[in-house]
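Model the structure of this input:
(one chain, ligands or ions: 3)
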Amino acid sequence: MSELTEKQKKKNEKKRLKNEKTLRKMKKNRWWGGFIGFILFSSVIAITLVVLIAWMLTYVVESKLVKESSNARLIAQLYSDKMSGKDEMDRMLDALELQRDYIVLDKNGNQLEVKGTDTRNGSNTLNYTTSQLGSVVIYQDIHGQFLKIDNDNSVDIDFKGLFDKKPLAAGGKRYIEEEDRLIVPFWMGVEVPDSDNMIFVKSSVDMDEGDVIFMAIVIGGVALILLGGYVIMIINLVRGIANHRRVNTMLFTDPVTKNTNWTWFKAKGEQLISSRKGASYNFAVTDFDFVKYRNFCIAHSVEEGERALKDVFDVISANLSDKEICAHSANAHFAVLLSYVNEENLDSKIRSILSKLEKLYVEHKLAFHVGVAKKGVKLDDRGRAIRRIDADIEQDYFNACAAAEELSESDDSGISYFDELLVEQQKWIDTVNDNQEAAVKNEEFQVYYQPKYDPKTNKLAGAEALIRWISPEYGFVSPGKFIPIFEKNGFITEIDHYMITHVARDQKRWLDQGYKCVPVSVNVSRAHFVEDDLAEQIRDMVDREGAPHDLVEIELTESAFFDDKNAMITTINKLKEYGFSVSMDDFGAGYSSLNSLKDMPLDVLKLDAEFFRGENEGGRAQIVVSEAIRLAKQLNMRTVAEGVEDREQVEFLAEHDCDMIQGYYYAKPMPPAEYEERMRAGFKDVEAEKAAIAEKKAENKTEGAAAQTATN
Ligand code: C2E
Ligand code: MG
Ligand code: MG
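Ligands and ions are numbered 1, 2, ... in the order given. Below you'll find the model as predicted:
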């Protein structure tokens, strides 16, 4: 489809950005962000705890080793001092509560002294040096295999093995338990001071309740802090998920149908159309407009109306396939994305949904206007489907709505396809919208007058003021091209004011110039009739220009009579009270009007031009027209026949006492200067004029022939 106007593009772009912002906001709320945070935090907690426990154990073992090394050094010192022999030394050790087994070896490994039993495990030894321990040699005890000596110069306790319940080799001991103490024996060798000897003292890593409590407090404390964080994290995550669901619900749910809304449709639809898979499908963005939904609500109730919208949504949804989606987009509109094989298939798909919708309620036949914007498959040079990456479903829906709008005159169901002509129309609507204010300001709108003549006397009896737009840019524009647009965009009330003011001004000027003025009728749009002070507004406008009220007539179109009847009667009465005549325009066009005639105290009945067009089999039109005139007479109304072009019609109308004729037979709408001439002449006998012209022509011919003969 070709581009629309700049203004429209800007408007669409603005809308698009707004929607994107909303979607971005929504995405920020994604719960999976919280979920990833949760996983990360869990890992951090796990790693921290493992590291903490490992560090804790190393710290405890280290501190035990340090303690044991100072004991070993003390024993070595005692041994070095030699004091008073081995027994004395052992007593000393007893007194110091250091009853340890020990072995003293010389530099060649010969045993010099021994207390207790040498239970060193010779195959598992380590020369261990740390800043706190100094240099020591560590042996595993044959009963203490859970002291792990690693080649990487570290000593550890195999706690896992300690608490493991697996059976051990014969003679193996897990640990020695004494008064709630956990003891892992090992041997620690230190140099005997002032000698080459080494003393190996049976030591142990023993853990008492205090150690366990210390470890439990540190690990438990940290774990508690982490757990707190963990709980906060989980609460936040749960809240995030709930929030996300709430936002999703709010953002994507239509309050009336409790189902998908426009935002969802736009996001999902664009995804479907622009996906790689979607490239090979023909799509159609459609608008289903519930015709006369307001009337449905008035006839039933607003609640019933909303229930009906929900039912409509359900019917449409039930008739869609996987790739097709639907949403209640606004008021009585539904956005529907359809996929189709070919145009017949699309048409029958829509018709099938339409027929189900029409039959939704037994007691009330529904009608829908369907606007369709097709998005067929696009192929590249090699015949492969091209992805629609720049899909703009909003624009397509806008086009579909514009197509549906084309059916607005009808109350029946129908389908309208968006095409280039509509683009042109839309462009023109925008042009009118953009230029209307300036056109009024620059007096580009001009009042043309179409005289009304009495068919019996050929005398000027009145005129109708008809607007023309003489635009420096678009040339001469007839009202049919802009009045309906003004009626839709509301500018019509301004135009009506403009026309009434100008007509009153002209009439006043002509009166002052001595013209014999006749009443001029002005069209007042039905949109204007909702204002309850309309009669006063008109009176004031005419008074401001100083024109007599009886020289201004107000024309109302018949369709206006279908709005608020009582308000209308009040306004008509007020207008008449102020001295204005009121006429019913286009009587007989479209609607049944006899009721309006019955209720409205009107002065003039204008018979629609359609009475004088087309087929008139068996003189039926004449019967209707003559009866309409008779009816009007009985109701004390004058009659005006519009659109009369033939002499026969004029004669017929004169015969049947039609008061005035407004038609090309007498005159087309004309600028004020020309109308002034008509006023000066006062009457126009078209036939006499024609006869005079014919006579003049004939005379010219005879004169010409005589002159020719003379020359010859
Ligand atoms: P309308 O009020 O029914 O005006 C009569 C229309 O019939 C005029 O068309 C007039 O030019 C045309 N007409 C009159 N005699 C003949 C004839 O013998 N043959 C043919 N073919 N046409 C004839 P126009 O001026 O194009 O206006 C069309 C409609 O636009 C008007 O219908 C009226 O509804 C609306 N309109 C025109 N001016 C105004 C205005 O100032 N305000 C409002 N609200 N509506 C206006
Ligand atoms: Mg009119
Ligand atoms: Mg008319």
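
which stretches of the stretch 201-350 of the chain form strands?
282-290, 325-330, 333-340 (DSSP state E, counting those that start in this stretch).

Ligand 3: which of those is closest?
Taking CB to the ion, strand 282-290 is the member of the strands of the stretch 201-350 of the chain nearest to ligand 3, at 29.0 Å. All C-beta atoms are positioned from the backbone trio N, CA, C, and that covers glycine.

Buried ones in stretch 219-237, by neighbour count?
Buried residues in stretch 219-237, counted by 16 or more other CB atoms under 10 Å: 222, 223, 226, 230, 233, 237.

If you drop the residues flanking it in sequence, what lies closest to the second one?
What that stands for is residue 223. residue 49 (6.2 Å; CB to CB, 6 or more residues apart in numbering).

Report pLDDT for that neighbour.
For residue 49, the pLDDT comes out at 81.

what about it, distance to residue 292?
70 Å (CB to CB, to the nearest Å).

Kindly report the same for residue 582.
Following CB to CB, the distance that separates residue 582 from residue 292 is 28 Å.

The two: who's more crowded?
residue 582 (21 against 13; other CB atoms under 10 Å).

so who does the more buried one touch?
Listed by CB atoms under 8 Å, 6 or more residues apart in numbering, the contact set of residue 582 reads 553, 554, 556, 572, 575, 576, 602, 603, 604.

Out of these, which one has the lowest pLDDT?
Among the contacts of residue 582, residue 556 has the weakest pLDDT, 88.

does the helix or strand where that one lies come close to ligand 3?
Taking DSSP states H and E as the definition, one finds residue 556 inside strand 552-557. No - interface with ligand 3: strand 552-557 contributes nothing (CB under 5 Å from the ion), its closest point being 7.3 Å away.

Off-centre distance for that strand?
Centroid separation between strand 552-557 and its chain, computed with CA atoms, centre = their mean, to the nearest Å, is 44 Å.

How about residues contacting it?
Here strand 552-557 makes contact (CB under 8 Å, 6+ apart) with 462, 464, 500, 503-504, 507, 519-526, 529, 538, 542, 568, 575, 580-586, 603-604, 606.

Ok, stretch 529-545 next?
With CB under 8 Å, 6+ apart, stretch 529-545 has contacts from 493, 497, 500-501, 504-505, 507-508, 524, 528, 549, 552, 554, 556, 560, 563-564, 567-568, 570-571, 574-575, 577-578, 580.

Flag every buried residue along that stretch.
Under the neighbour-count criterion of 16+ other CB under 10 Å, stretch 529-545 has 529, 534, 535, 538, 539, 541, 542, 545 buried.

Closest one to residue 73 out of those residues, please.
If you rank these by distance to residue 73 using CB to CB, residue 529 comes first, at 114.7 Å.

Can you pull the poorly scored residue ranges out of the stretch 601-712 of the chain?
617, 708-712 (pLDDT under 70).

Filter the contacts of stretch 529-545 down to just the ones in strands.
Among the contacts of stretch 529-545, the ones falling in strands (DSSP state E) are 524, 552, 554, 556.

Now neighbour count too, for those, in a markdown table please.
Below are these laid out as a markdown table (neighbours: other CB atoms under 10 Å):
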| residue | neighbour count |
| --- | --- |
| 524 | 26 |
| 552 | 26 |
| 554 | 26 |
| 556 | 26 |
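
Widest-spaced pair of these?
The most distant members of these, if one measures by CB to CB, are 552 and 556, lying 13.7 Å apart.

Contacts (any at all) between ligand 2 and stretch 438-451?
No - on the criterion CB under 5 Å from the ion, stretch 438-451 is out of touch with ligand 2, staying 9.1 Å away.

Show the average pLDDT along that stretch.
Across stretch 438-451, pLDDT averages out at 96.

what does stretch 216-231 give?
pLDDT averaged over stretch 216-231 gives 82.

which residues are in contact with it?
By CB under 8 Å, 6+ apart, the list of residues contacting stretch 216-231 reads 41, 42, 45, 48, 49, 52, 53, 56.

and the longest helix for the protein?
The longest helix of the chain (DSSP state H) is helix 31-81.

Return the list of helices and strands in contact with whichever helix or strand comes after that helix.
Following helix 31-81 in sequence order, the next helix or strand is helix 85-95 (DSSP H and E). In terms of contacts (3 or more CB pairs under 8 Å, 6 or more residues apart in numbering; DSSP states H and E), helix 85-95 is packed against helix 31-81, strand 111-115.

Among those, which comes closest to residue 300?
Nearest to residue 300, of all these, is helix 31-81, at 41.9 Å by CB to CB.

Who are the packing partners of the host helix or strand of residue 488?
Residue 488 is located in helix 483-489, with elements delineated by DSSP H and E. Here helix 483-489 touches helix 420-441, helix 492-512, going by 3+ CB pairs under 8 Å, 6+ apart.

Least confident of these, on average?
Taking the mean pLDDT of the helices and strands packed on helix 483-489, helix 420-441 comes last: a mean of 91.

send the alpha carbons of it over as PDB?
Written as PDB, here are the backbone C-alpha positions of helix 420-441 (Å, rounded to 0.1, in the frame of the first residue of the first chain):
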ATOM      1  CA  GLU A 420      -5.600   2.900  -3.200                       C
ATOM      2  CA  LEU A 421      -8.800   4.900  -3.700                       C
ATOM      3  CA  LEU A 422      -9.300   4.900   0.000                       C
ATOM      4  CA  VAL A 423      -5.700   6.200   0.500                       C
ATOM      5  CA  GLU A 424      -6.600   9.000  -1.800                       C
ATOM      6  CA  GLN A 425      -9.800   9.700   0.100                       C
ATOM      7  CA  GLN A 426      -7.900   9.600   3.400                       C
ATOM      8  CA  LYS A 427      -5.400  12.100   2.000                       C
ATOM      9  CA  TRP A 428      -8.200  14.400   1.000                       C
ATOM     10  CA  ILE A 429      -9.800  14.100   4.400                       C
ATOM     11  CA  ASP A 430      -6.500  15.200   6.000                       C
ATOM     12  CA  THR A 431      -6.200  18.000   3.500                       C
ATOM     13  CA  VAL A 432      -9.600  19.300   4.400                       C
ATOM     14  CA  ASN A 433      -8.900  18.900   8.200                       C
ATOM     15  CA  ASP A 434      -5.600  20.800   7.800                       C
ATOM     16  CA  ASN A 435      -7.000  23.600   5.700                       C
ATOM     17  CA  GLN A 436     -10.400  24.300   7.200                       C
ATOM     18  CA  GLU A 437      -9.500  26.900   9.700                       C
ATOM     19  CA  ALA A 438      -7.300  28.900   7.300                       C
ATOM     20  CA  ALA A 439     -10.000  28.700   4.600                       C
ATOM     21  CA  VAL A 440     -12.500  30.300   6.900                       C
ATOM     22  CA  LYS A 441     -10.000  33.000   7.900                       C
END
